[in-house]
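Novice: Sequence and predicted structure are below.
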Amino acid sequence: MKINPKVPPAELAVGWLTMFLIGTELFIFSPLLPTLAVNYDVSSKVAGLCVTTFSLAYMVTAPLFGHVSDRVGKRRVLICCLLAFGTANLLTASAVNFPWLLALRLFAGAAAAGVSPSIYALVGDAAPPNRRATWLALTVSGLLVSIALGASPVGLVGATFGWGAVFVALAVFSLVLVALNCWVWPSDCRHEGAADPPRNRLAVASLTRRLMPMVVWGTGLYGVYTYLGAGLVALGFSKSQVARAVMVYGCGAIAGTLIGGRLADRLGAKCTAGASFAGLCICFLLLFLACRAGALIDMAIGLSATVAQLFFPAQQSGLANDFPARRGAVLAWNNSALFFGISLGSFIGGEAVAIGGFDMTLIISTGILFAGCIINWIVVPDPTRLQINAPGNPT
């Protein structure tokens, strides 16, 4: 792929900023939910549908946009979806009723589904082959940093100037990023040497197997994370202590993502992802013991987040390397698999909490992640085997 030679790190910096925008949009509704519930005269539970509709739209439409991006160009899809994303935010600022707000969140989620996979695929194309996982990890870190530096400050802006001002600002930021992305991605050329191979059952089966670790990882991790706050409150944590624990989790997740990218470049995707699965099993057991003892809980949470996020850049770089001809579509399917895992984890975690509290959630999630370790070992091909096979889609 031809990239802009003017500023070598520009592709990475703009990719990071774009993911920071998407992350801010995704996480901003948590601090805004009470305000939205009052303004639209609905309960907090109903207001939470804003997050559900956004996530569902993302999960369903991401593969479609990934397929289109491989056909018409990743840059073209990225720019069009960023424009749509900005429009959705601008309209959200003036939503007259709650059903209209939900419809706009559906629109925004679909637009975001065209932005994130396109950015991942473009960064994967632009990155040096021996640093692809590191570049993808740095790009993903924009999503994680937005929890602390995006959603939290923007939530304060919403409380001061009104929630409508938040979405106007996000719309303006989207337009700025349209210009920046137009600059750093000047060509819609496909990946070098990548033909458009015909679909076949073998390729579909190979991709399905490769997405299984992502679904299991999302299920195991978010089965715990979704109910972490409730579990800590049940242990007697105050709101400030819960906020501190979430901040520790966020910092650990950022560190894990950056470390995971470097490890995947050096050790390979399969080894790094497997280490994440096995290590997270141990960390959740340590968190279980820390909760029982009432000590070192923050440390166990931070360690769990760090080890967990080793997986994501390894999974992305592995897919980008294994499916170069369909990088946009494959990374989009990977994002959908993540959201499916998150939804499944939330459901299973909720059932576990109802049965035996947060302790039961940790035990069940540990079992799920142990199964993921085995699945990862079976379905992810070794680099040596990929070198023997024909380039493109691993068998």
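Specialist: Alright, I've got the coordinates. Keep in mind it's a predicted model, so treat the numbers as computed, not measured.

Novice: Contacts made by stretch 325-339 with the rest, please.
Specialist: Stretch 325-339 is contacted by residues 55, 58-60, 62-67, 69-70, 74, 77, 113, 116-118, 120-121, 124-125, 191, 194-197, 207, 211, 214-215, 218, 315-316, 319-320, 323, 392-393 when judged by CB atoms under 8 Å, 6 or more residues apart in numbering. In short, each C-beta sits where N, CA and C put it, glycine included.

Novice: all helices in the stretch 101-250 of the chain, in order from the N-terminus.
Specialist: With DSSP state H, counting those that start in this stretch as the criterion, the stretch 101-250 of the chain has helices at 132-146, 152-161, 163-184, 201-225, 228-234, 239-267.

Novice: Columns mean neighbour count and distance to residue 11 on top of those helices, output as a markdown table?
Specialist: A markdown table is the format used below for these (neighbours: other CB atoms under 10 Å; distance: least, CB to CB, whole Å):
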| stretch | mean neighbour count | distance to residue 11 |
| --- | --- | --- |
| helix 132-146 | 25 | 8 |
| helix 152-161 | 15 | 26 |
| helix 163-184 | 18 | 5 |
| helix 201-225 | 21 | 25 |
| helix 228-234 | 18 | 35 |
| helix 239-267 | 20 | 15 |
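
Novice: To residue 49, which of those lies closest?
Specialist: Nearest to residue 49, of all the helices of the stretch 101-250 of the chain, is helix 163-184, at 16.0 Å by CB to CB.

Novice: Okay, now the unreliable bits of the stretch 51-200 of the chain?
Specialist: Regions of the stretch 51-200 of the chain meeting the criterion pLDDT under 70 cover residues 147-161, 186-200.

Novice: Now the buried members of the contacts of stretch 325-339.
Specialist: Buried subset of these (neighbour count, 16 or more other CB atoms under 10 Å): 55, 58-59, 62-63, 65-67, 69-70, 74, 77, 113, 116-118, 120-121, 124-125, 191, 194, 207, 211, 214-215, 218, 315-316, 319-320, 323, 392-393.

Novice: Could I get the contacting residues of residue 107?
Specialist: Applying CB under 8 Å, 6+ apart, we find residue 107 in contact with 57, 84, 88, 91.

Novice: now those as JSON lines including secondary structure, neighbour count and distance to residue 108?
Specialist: Formatted as JSON lines, the contacts of residue 107 follow (DSSP: H, G, I helix; E, B strand; the rest coil; neighbours: other CB atoms under 10 Å; distance: CB to CB, whole Å):
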{"residue": "57", "secondary structure": "helix", "neighbour count": "20", "distance to residue 108": "8"}
{"residue": "84", "secondary structure": "helix", "neighbour count": "18", "distance to residue 108": "8"}
{"residue": "88", "secondary structure": "helix", "neighbour count": "25", "distance to residue 108": "4"}
{"residue": "91", "secondary structure": "helix", "neighbour count": "17", "distance to residue 108": "9"}
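
Novice: Closest to residue 340 out of these?
Specialist: Nearest to residue 340 among the contacts of residue 107, with distances taken as CB to CB, is residue 57, at 13.5 Å.

Novice: Skipping adjacent residues, who's closest to that closest one in space?
Specialist: Take residue 57 and drop its neighbours on the chain: the residue closest to it by CB to CB, 6 or more residues apart in numbering is residue 109, 3.2 Å away.

Novice: Next up, the contacts around residue 319.
Specialist: 210, 327, 330-331, 334.

Novice: With secondary structure as extra columns, can I get those in TSV?
Specialist: Formatted as TSV, those follow (DSSP: H, G, I helix; E, B strand; the rest coil):
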residue	secondary structure
210	helix
327	helix
330	helix
331	helix
334	helix
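
Novice: and the residue of the chain most remote from its centre, how far is that from residue 92?
Specialist: In the chain, the greatest distance from the average C-alpha position (CA atoms, centre = their mean) is reached by residue 293, at 32.4 Å. For residue 293, the distance to residue 92 (CB to CB, to the nearest Å) stands at 45 Å.

Novice: now residue 274
Specialist: Look at residue 274 and residue 92: by CB to CB, they are 41 Å apart.

Novice: do residue 380 as well
Specialist: Residue 380 is 40 Å from residue 92, where distance means CB to CB.

Novice: Using the three-state scheme, assign residue 41.
Specialist: Assignment for residue 41 (three-state DSSP): coil.

Novice: need the contact list for residue 259.
Specialist: Residue 259 neighbours (CB under 8 Å, 6+ apart): 306, 310.

Novice: ditto for the one 4 residues further on
Specialist: By CB under 8 Å, 6+ apart, residue 263 lies in contact with 133, 271-272, 275, 310, 314.

Novice: What score does it have for pLDDT?
Specialist: Note on residue 263: pLDDT of 91.

Novice: ok, now how distant is it from residue 129?
Specialist: Distance, residue 263 to residue 129, using CB to CB: 16 Å.

Novice: picking up where we left off before, so which of the contacts of residue 263 comes closest to residue 32?
Specialist: Distance to residue 32 across those (CB to CB) is lowest for residue 310, with 31.4 Å.

Novice: what about that closest one, neighbour count?
Specialist: Residues near residue 310, counting by other CB atoms under 10 Å, number 28.
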